[in-house]
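S.K.: A structural model of the following input is requested.
(chains A and B)
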There are 2 protein chains.
Amino acid sequence: MPELRKNPITLNWVIISTERSKRPSDFIKSQDHKEKVSRSESCPFCYGNEDKTPPEVLVYREENSPPNSKGWSVRVVPNKFPALSQSESSPERNHTPLFETLSGYGVHEVIVESPDHSATLGEYSQEQTDKVMSALLERYRDIRKDSQIRYIQIFKNSRAVAGASLSHPHFQLIAMPLIPSIVDKELLQGRNYYVEHNSCIFCSIIEEEIKTGTRIIAENNRFIAFCPHASRFPFETWFFPKEHRPNFDSMDEEDVSDLSTILRSVIGKFEENLNSPPYNLILHTAPLDLEGKEYYHWHLELLPRLTIVAGFEWGTNFYINPTPPESAAQFLRASSLL
Amino acid sequence: MPELRKNPITLNWVIISTERSKRPSDFIKSQDHKEKVSRSESCPFCYGNEDKTPPEVLVYREENSPPNSKGWSVRVVPNKFPALSQSESSPERNHTPLFETLSGYGVHEVIVESPDHSATLGEYSQEQTDKVMSALLERYRDIRKDSQIRYIQIFKNSRAVAGASLSHPHFQLIAMPLIPSIVDKELLQGRNYYVEHNSCIFCSIIEEEIKTGTRIIAENNRFIAFCPHASRFPFETWFFPKEHRPNFDSMDEEDVSDLSTILRSVIGKFEENLNSPPYNLILHTAPLDLEGKEYYHWHLELLPRLTIVAGFEWGTNFYINPTPPESAAQFLRASSLL
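M.R.: Residues are numbered from 1 along each chain as shown, chains lettered A, B, ... in the order given. Reported below is the predicted structural model:
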């Protein structure tokens, strides 16, 4: 019998499908891997092609190397084809009873993670991953000074199937004049739970996951990674700071180091044992103009794209997941033994 | 400058992206079309392979042809790998403060649209399309008698990219013991609008679309097809009965005929002028146990899968659409001239 499970934060249900069940090993199939190259002539994110992007807005580079030339280790540039832009002075609203529009005010940047064209988050050194996280934090802290911006969304699309139009490893940052409806829903339900239980719902989930243990993949001093009870996707993984922290940009150096460690370890397991699946990695954090201190808890969601989202999901917002999160977590925990 | 538009029913925003804009003709690229065949030896939905599926639960077939043999024109069978099943007597609920589960009670059926392995909704005769719609209605009316079922979801995945695991044309029906959260959200906002305006929000949108005219693709006596103001996807199309109708199964014979006509016409345009794009076609109708008479309005949503849903969309529920719906509708209206 299949089982329906409810996400306690979004209130959406998933079907853990026994009839369609897939064991973790069913996903380990050969994929179209491109040959690894450290540099591609035509890639705008590779050394020597710095003039193919808009000028850098943040860079970590060798001393005395000139701006917008090679010698950098992490480089942040405005997106050449931005989804939102600051070119007008402020967001302008138009309103009829039915149709509301807003000018597309915002920021869209690209965080190039490494000069190496084919490197991955699972392969970087600890130092390189720390630098990537620090660059994300620096840009977040700078952009939040713009009072028109209400939310800063950070995400990574890995491989074409997951929406990466350039294969060179990069994060993206989109700062917007609105609160994403997903975050709004998390805040609403977080608030409801807080009123009833006097506790952050995310803290309660972490506590429950530690007690249960079966869905945990990895844990260190500051961070924990687990497959959520109502996983929408096979191997869906959430990364949480173990202490209550509403805002991403509250991280100190030790947080950055522990986050880098757990990301490298878990994504390394994905790459090694699930044949580098396409994935989206998404930051969820408190909106800039809402306190949310008591009832929000920032985290990262890793969504492997091993299944196809189809009519059922589009029409319901429910998901059919053929791999129970307990099996997925067990496989990933044990995977260093494979 | 890009423009943000708000969906008045789901309250989600889309970015109509001018920097990333694509003209309709940008989508007309050659795709991997498989050769058309009227029958495939290995396909469980083809003539002569009726024993490869569970026995038919509804069929339109030649007089005197035996059940579960060839001679049918539309055939409905239980899904061999059902996402939900009626094998237990009723849905069973388990509840901790955080984790709620429900046994996967429900129905999952496949409506095989035609014996022709490679036929499409845009190519069928009027009579064949009428039969497909009638079969959907018959199954809907039969399954709703089960008092454990709260919602009947009907959808079609066309082509592998849109989630079709078998290419033989078919609809699917999933009956579930829950109301999909998307429909719940539509009901909530429909109710809010009704309280304020004393009118169905969907009726108001149809009226506004007829007045504006720029997003309409096709219209006949009973139905209208248009690209919604806040389209998430290039060429997203909604089909509505023009009169106020909450429930899909309120359709009479003339409704069926007019729905078939507009579906054949619009999907035919997609197939001919956008090179048969992958798509999902999804029924939205009132839940079985809620009246919703005043403020819900059943409809079909056609979601072409020409763009990739990536980290931004997964993390926000906002969408980046590179093709304004006005351009998409204009292209499709004019497309018989191409």
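S.K.: contacting residues around whichever residue of the stretch 101-250 of chain A sits closest to chain B?
M.R.: Proximity of the stretch 101-250 of chain A to chain B (C-beta to the nearest C-beta) peaks at A:G163, 2.5 Å away. All C-beta atoms are positioned from the backbone trio N, CA, C, and that covers glycine. Contact analysis of A:G163 by C-beta atoms under 8 Å, 6 or more residues apart in numbering or on different chains lists A:N157, A:N280, B:I308, B:V309, B:A310, B:G311.
S.K.: Likewise for A:P180?
M.R.: Shown in contact with A:P180 (C-beta under 8 Å, 6+ apart): A:Y151, A:Q153, B:G315, B:T316, B:N317, B:F318.
S.K.: separation between it and B:K269?
M.R.: Note on A:P180: its distance to B:K269, by C-beta to C-beta, to the nearest Å, is 34 Å.
S.K.: With A:A230 instead?
M.R.: With distances taken as C-beta to C-beta, A:A230 is found 39 Å from B:K269.
S.K.: Residues in a beta bridge with A:E109, which ones?
M.R.: A:P78, A:L173 (DSSP bridges).
S.K.: ok, how many other residues are close to it?
M.R.: 21 (other C-beta atoms under 10 Å in any protein chain shown).
S.K.: Next: the one 10 residues further on.
M.R.: When neighbours are counted by other C-beta under 10 Å, A:A119 registers 16.
S.K.: And for A:P277?
M.R.: A:P277, neighbours per other C-beta under 10 Å, totals 21.
S.K.: right, and it touches A:L302 too?
M.R.: No. Using C-beta atoms under 8 Å as the test, A:P277 is too far from A:L302 to be in contact (10.1 Å).
S.K.: Touching both of these two, which residues are there?
M.R.: Residues within reach of A:P277 and of A:L302 at once, by C-beta under 8 Å, 6+ apart, are A:F270.
S.K.: From the chain's centroid, how far away is the helix or strand containing A:W238?
M.R.: Using DSSP states H and E, A:W238 falls within strand A:237-241. Per C-alpha atoms, centre = their mean, to the nearest Å, the displacement of strand A:237-241 from the mean C-alpha position of its chain is 10 Å.
S.K.: which residues touch the residue sitting nearest the centre point of chain A?
M.R.: Geometric centre of chain A, nearest residue: A:I282, 2.0 Å, by C-alpha atoms, centre = their mean. Taking C-beta under 8 Å, 6+ apart as the criterion, A:I282 is in contact with A:Q153, A:I154, A:F155, A:K156, A:L300, A:E301, A:L302, A:L303, B:G311, B:W314, B:G315.
S.K.: Swap in 7 Å and give it another go.
M.R.: A:F155, A:L300, A:E301, B:G311, B:W314, B:G315 (C-beta atoms under 7 Å, 6 or more residues apart in numbering or on different chains).
S.K.: For it, name its beta-bridge partners.
M.R.: Beta-bridge partners of A:I282, as defined by DSSP bridges: A:F155, A:E301.
S.K.: ok, residues contacting the helix or strand of chain A with the lowest mean pLDDT?
M.R.: Within chain A, no helix or strand scores below strand A:93-95, which has a mean of 79 by mean pLDDT, DSSP states H and E. For strand A:93-95, contacts defined as C-beta under 7 Å, 6+ apart pick out A:E100, A:T101, A:L102.
S.K.: one step back: what about the residue of the stretch 101-250 of chain A closest to chain B, distance to B:T307?
M.R.: When A:G163 is compared with B:T307 (using C-beta to C-beta), they lie 9 Å apart.
S.K.: pLDDT at the residue nearest to A:S103 when sequence neighbours are not counted, what is it?
M.R.: Nearest-residue entry for A:S103: A:E92, 4.4 Å, with adjacent residues in sequence omitted and distances by C-beta to C-beta, 6 or more residues apart in numbering or on different chains. Looking at A:E92, its pLDDT is 73.
S.K.: A:R23 now?
M.R.: For A:R23, pLDDT reads 75.
S.K.: Show the contacting residues for it.
M.R.: By C-beta under 7 Å, 6+ apart, the contact list for A:R23 reads A:S327.
S.K.: And it, how far from chain B?
M.R.: Note on A:R23: its distance to chain B, by C-beta to the nearest C-beta, to the nearest Å, is 15 Å.
S.K.: so how far is A:Q330 from that residue?
M.R.: 11 Å.
S.K.: Return every residue with contacts to both of the two.
M.R.: Common neighbours of A:R23 and A:Q330 (C-beta under 7 Å, 6+ apart) do not exist.
S.K.: Quick one: mean pLDDT over stretch A:277-290.
M.R.: 94.
S.K.: Give me the distance between the two termini of that stretch.
M.R.: Distance across stretch A:277-290, first residue to last, is 35 Å (C-alpha to C-alpha, to the nearest Å).
S.K.: Return the set of buried residues in it.
M.R.: A:P277, A:P278, A:Y279, A:N280, A:L281, A:I282, A:L283, A:H284, A:T285, A:A286, A:P287, A:L288 (16 or more other C-beta atoms under 10 Å in any protein chain shown).
S.K.: now those residues in a markdown table, with secondary structure and distance to A:A119?
M.R.: Formatted as a markdown table, the buried residues of stretch A:277-290 follow (DSSP: H, G, I helix; E, B strand; the rest coil; distance: C-beta to C-beta, whole Å):
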| residue | secondary structure | distance to A:A119 |
| --- | --- | --- |
| A:P277 | coil | 17 |
| A:P278 | coil | 16 |
| A:Y279 | strand | 16 |
| A:N280 | strand | 18 |
| A:L281 | strand | 15 |
| A:I282 | strand | 21 |
| A:L283 | strand | 21 |
| A:H284 | strand | 26 |
| A:T285 | coil | 26 |
| A:A286 | coil | 31 |
| A:P287 | coil | 33 |
| A:L288 | coil | 32 |
